[in-house]
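Visitor: Any chance you could fold what I've pasted below:
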Amino acid sequence: MLYPVSTVPITTSPTGLHMKALDKVFLVDDDPIFHFMAKKVINSTGLVNQLQLFNDAVAAFAQLKADAEHADRLPDLILVDLMMPVMDGWDFLKALQLLQLDKPVAVAVLTSSIHQTDMERAKASGQLAAYLVKPITPADFTALVESL
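Guide: The predicted model follows:
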């Protein structure tokens, strides 16, 4: 289910057929089973040219840091889980705010947390395009992409 966290409502086009595909999306989640499922769902939409999977936020952040000055290497969207070992999603979001990237990168939380406090914290951060609750569906992902 998609929970918008911005003040801009998420809308869907009548057909969804004329959307431009995102060049690159990062999926940051420590669950390999979820990687498998999310990859199938996201690829089924035809809205992503390249999906890069990360098992932890440290690796994803290292990649972003390495590519920070190369806009063509940066993702258009990052989907990040909140509950991960070592560096959780909240720490990843804090670190991302301090990183100087050569282009704007949309970020959405993709988590199993349905806690109101997490949703409110995500909204208060002001940096998220959406708060999505697992499992992600093609309709959820399409709505997210249309909102960007």
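Visitor: Compute the first-to-last residue distance for stretch 74-90.
Guide: Terminal residues of stretch 74-90 are spaced 20 Å apart (Cα to Cα, to the nearest Å).
Visitor: what mean pLDDT does the helix or strand containing S44 have?
Guide: Using DSSP states H and E, the element containing S44 is helix 32-45. Averaged across helix 32-45, the pLDDT comes to 94.
Visitor: Please name every helix or strand in contact with it.
Guide: strand 22-28, strand 48-54, helix 138-147 (3 or more Cβ pairs under 8 Å, 6 or more residues apart in numbering; DSSP states H and E). In short, each C-beta sits where N, CA and C put it, glycine included.
Visitor: Return the set of buried residues in the longest one.
Guide: This means helix 138-147. Buried residues in helix 138-147, counted by 16 or more other Cβ atoms under 10 Å: P138, D140, F141, T142, A143, L144, V145, S147.
Visitor: want to throw those residues into TSV with distance to L64?
Guide: Putting these into TSV (distance: Cβ to Cβ, whole Å) gives the following:
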residue	distance to L64
P138	26
D140	24
F141	21
T142	25
A143	25
L144	19
V145	20
S147	22
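Visitor: Which single one of those is nearest to H70?
Guide: H70 has its nearest neighbour among those in V145, at 22.9 Å by Cβ to Cβ.
Visitor: hang on, the earlier thing: tell me which of the helices and strands packed on helix 32-45 lies nearest to H115.
Guide: That would be, of the helices and strands packed on helix 32-45 and by Cβ to Cβ, helix 138-147, which comes in at 18.6 Å.
Visitor: Give me the angle between the closest one and helix 32-45.
Guide: 70 degrees (axes from the mean of the first three to the mean of the last three Cα atoms, to 10 degrees).
Visitor: so where's the chain shaky on pLDDT?
Guide: 1-18 (pLDDT under 70).
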